[in-house]
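>>> What follows is a predicted protein model with its sequence.
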Amino acid sequence: QVQLAESGGGLVQPGGSLRLSCVASGGTSGPRTMGWFRQAPGKEREVVAAMRLSGSTTYYANSVRGRFTISRDNARTTIYLQMTNLKPEDTAIYHCASDTRGLIYSSLSDPTSFASWGQGTQVTVSS
């Protein structure tokens, strides 16, 4: 089982920026798809951004497109989420997820497609 460790959350003012990181380790097969999901109090978990680690298949939620950028390192064991122009409605626990399969585009937004999950990191946007 792949283990995921997120970092980089915190408190930021509206309009500010944060960069989240997620490191994958363990497992018999490395991840081929990784992504970020978030869950606010009283709401369901929703996709933020996800990507296949090879190629260019990337998914962004409409609410973050143009403000957030998902990227990976060359070793394909770490992904990042650069968040800019943050809004109060971005406040949530952000979870990293991965799967050993190279998921198709239509599956990137479905949390049930991902086998491994991190504990999450809190992002709070408030003045």
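Cool, got the structure. Values in this document were obtained by computation on a predicted structure and should not be read as measured data.

>>> centroid residue for the chain?
residue 36 (1.6 Å; CA atoms, centre = their mean).

>>> Contact partners for that residue?
Counting by CB atoms under 8 Å, 6 or more residues apart in numbering, residue 36 makes contact with 20, 22, 47-50, 70, 79, 81, 94-97. C-beta: built from backbone N, CA, C; applies to glycine.

>>> check which helix or strand covers it.
Take DSSP states H and E as the rule and residue 36 turns out to sit in strand 33-39.

>>> quick one: strands adjacent to that strand?
Sheet partners assigned to strand 33-39 using DSSP bridges are listed as strand 46-52 (antiparallel), strand 92-99 (antiparallel).

>>> can you give me how far it is from the chain middle?
In terms of CA atoms, centre = their mean, to the nearest Å, the centre of strand 33-39 is found 3 Å from the chain centre.

>>> Tell me which residues of it come out buried.
33, 34, 35, 36, 37, 38 (16 or more other CB atoms under 10 Å).

>>> pLDDT of the strand or helix carrying residue 123, averaged?
Taking DSSP H and E as the definition, one finds residue 123 inside strand 121-125. Regarding strand 121-125, the rounded mean pLDDT is 98.

>>> Each with direction, which strands does that strand pair with?
Next to strand 121-125 in the sheet, as set by DSSP bridges, lie strand 10-12 (parallel), strand 92-99 (antiparallel).

>>> can you list those strands in CSV and add mean neighbour count and distance to residue 58?
Formatted as CSV, the strands paired with strand 121-125 follow (neighbours: other CB atoms under 10 Å; distance: least, CB to CB, whole Å):
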stretch, mean neighbour count, distance to residue 58
strand 10-12, 14, 24
strand 92-99, 23, 14
